[in-house]
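[1] quick one, fold the following:
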Amino acid sequence: MGCMAQIISTLNINTPEYKSNYAHNKQLAEQLNDRQQKAATERSQRTLERHRKRDKLLVRERIEAILDDNSPFLELSPLAAWDMHDGDAPSAGIVTGIGRISNLECMIIANDPTVKGGTYFPETVKKHLRAQTVAEENHLPCIYLVDSGGAFLHLQADVFPDREHFGRIFYNMARMSGKQIPQIAAVLGSCTAGGAYIPAMADETIIVRENGTIFLAGPPLVKAATGEEVSAEDLGGADVHTRLSGVADHFANDEQEALERVRDIVSHLNRAKTNPLVMQSPEDPAYDPDELYGVIPSDPRHPLDAYEAIARLVDGSRLSEFKSRYGTTIVCGFAHIMGIPIGIVANNGLLFSESAEKASHFIQLCGQRGTPLLFMQNIAGFMVGKQYENGGIAKDGAKMVQAVSNVNVPRITLLHGVSHGAGNYGMSGRAYDPRFLFSWPNSKISVMSGDAAAGTLWTVGERGVMRGIENPTAEQIAVAEAKFKAPILDQYAHESNPYFATARLWDDGILDPKQTRAALALSFATTLNAPFPTDRFGTFRM
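    Presented below is the predicted three-dimensional model:
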């Protein structure tokens, strides 16, 4: 591939392989869109009617009401808690994402009261905290649309006491306010117990007449504790908190007025985004992103050509490649996405010492030049064996981890294939705090592949399994091996599935490959709200 040149695709869209890949991955994308739609909208008619009778908007209608006209909304983890809690926690009962309000990019954190009254499951807490982390790292004002009954009491041990549990929400609010990251709350429904601290900790708070309530203990608990009988409105309604207690700052007659007030407050934040990058005019890729469905192999054991994927994501399909002839199992180069300059580090095979050193060098260049980084993970791991261990692959892998950990520019990671072992670490996995991490519906993430895990455990355990059978035949060994491996293969197939991962918030969402370019552009644009850090590299083991 030439330097400063358009990638020349060799993809033939008329081959049976392309057509098979396309059909397979298109079906995965349709399944993803269907599941996201169900998580967003599938509620009982009774629940929806009860919600509407109180003149309340649905959670996504609330978000739409505060966003600027035609603002995109980058929703995070829409399938959190997928297939968990007997299906009772779609989207973990909370919607989080980034959109423009009064021309400012803001983090919106909105309870969904149609999911168990907006109460907090463990994944709800994790999703809320993740949204706050994204807001803090990228200096985004936080907008809390509050309508929650607090912790889901049946799971209190997994929600309340630990460092990354419910109380961390308020700690984060205090810390962000101290960093001049605005915290704005609109109380649109119940705000009970610990949840009452969200409006109390916010810089500015709005509360809606009759529907909005704030109290540390609701009427049933007050009666149980003190014997006092009091209505919710008299205990902690809008009139009480805007006229008597001062807990809230603005009284709204209805939701629409409250949401308009949110927009008004944001318009007076007196903030402006300063872009440290030299931008270009956005340009469509030379190749149709729809062709990504045919680029992605239907069998994860087959290689995915990194150049073909990059060509359908970046402006003009152009890549200024770095060290194109060296360490060829990793592709490094400069490109643009929607006019934003980025550096790309993309797997094109296993990581060898040469590819690790090349990536480390390129990551340092991006740090030196202030160029944000995109890591495209499709990695089975680092190369193993006597020759490679003797050649110092652990040392060279450590250089790459050192570079990734300390580079002083925003990093975004895309899992577009498999992600196993230390390769996940070197390629800026979740443990390395990329600003965002997304996956594709074909992705797999686990410590190693199911076949490798089953083979390793069989090698270790074969003697114990075959103990007591004298001179076993090849057929007996094969039967025992298959029986031994079957549950391991099943476990790894289940746990490496992208829906298993996204349900537990190991990523920030699964992306339809065709929509990836837009999501990456929005994410990189978001990172430009914060100044780049001044971190320095540690010691490189030479």
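[2] not counting sequence-adjacent ones, nearest residue to residue 232?
    Among residues not flanking residue 232 along the chain, residue 213 sits closest, at 5.0 Å (Cβ to Cβ, 6 or more residues apart in numbering). To be clear about C-beta, it is placed using only N, CA and C from the backbone, and glycine gets the same treatment.
[3] no, scratch that, I was asking about residue 328
    Nearest residue to residue 328 in three dimensions, chain neighbours excluded: residue 348, at 6.8 Å (Cβ to Cβ, 6+ apart).
[4] surely that neighbour meets residue 333?
    No: with contacts counted by Cβ atoms under 8 Å, residue 348 stays clear of residue 333, the gap being 11.7 Å.
[5] okay, the two: which has more neighbours?
    Between residue 348 and residue 333, counting by other Cβ atoms under 10 Å, residue 333 is the more crowded of the two (24 against 20).
[6] confirm that the more buried one sits in a strand.
    Yes: judged by DSSP: H, G, I helix; E, B strand; the rest coil, residue 333 forms part of a strand.
[7] surely it is in contact with residue 322?
    Yes: using Cβ under 8 Å, residue 333 is in contact with residue 322, at 5.3 Å.
[8] per-residue pLDDT, the residue lying closest to residue 469 once chain neighbours are set aside?
    Of all residues not flanking residue 469 in the chain, residue 476 sits nearest, at 6.5 Å (Cβ to Cβ, 6+ apart). Residue 476 carries a pLDDT value of 90.
[9] which SSE is residue 476 in?
    Element membership for residue 476, per DSSP states H and E: helix 474-495.
[10] show me what that helix is packed against.
    In terms of contacts (3 or more Cβ pairs under 8 Å, 6 or more residues apart in numbering; DSSP states H and E), helix 474-495 is packed against helix 450-466.
[11] who does the helix it packs on touch, helix- and strand-wise?
    Using 3+ Cβ pairs under 8 Å, 6+ apart: helix 450-466 touches helix 474-495.
[12] how about the helix it packs on: buried residues?
    If you call a residue buried by 16 or more other Cβ atoms under 10 Å, then helix 474-495 has these buried ones: 480-481, 484-485, 488, 492.
[13] verify the stated contact: residue 131 with residue 76.
    Yes: with contact defined as Cβ under 8 Å, residue 131 counts as touching residue 76 (6.3 Å).
[14] out of these two, which sits in the more crowded spot?
    residue 131 (27 against 23).
[15] run the chain-centre distance for stretch 109-124.
    Here the centre of stretch 109-124 is set off from its chain's centre by 18 Å, with Cα atoms, centre = their mean, to the nearest Å.
[16] equivalent analysis for stretch 207-222, please.
    Worked out by Cα atoms, centre = their mean, stretch 207-222 lies 33 Å from the chain centre.
[17] helix or strand with the lowest mean pLDDT in the chain?
    None of the helices or strands of the chain scores lower by mean pLDDT, DSSP states H and E than helix 386-390, at a mean of 85.
[18] report the buried residues of that helix.
    residue 388.
[19] check which residues of the following helix or strand past it are buried.
    Per DSSP H and E, helix 386-390 leads on to helix 393-406 as the next helix or strand towards the C-terminus. The neighbour-count check on helix 393-406 (16+ other Cβ under 10 Å) flags 393, 396-405 as buried.
[20] stretch 266-285 now?
    For stretch 266-285, burial by neighbour count (16+ other Cβ under 10 Å) applies to 266, 269, 271, 277, 285.
[21] from those, which two are the most distant?
    Pairwise distances across the buried residues of stretch 266-285 (Cβ to Cβ) peak at 35.7 Å, for the pair 269 and 285.
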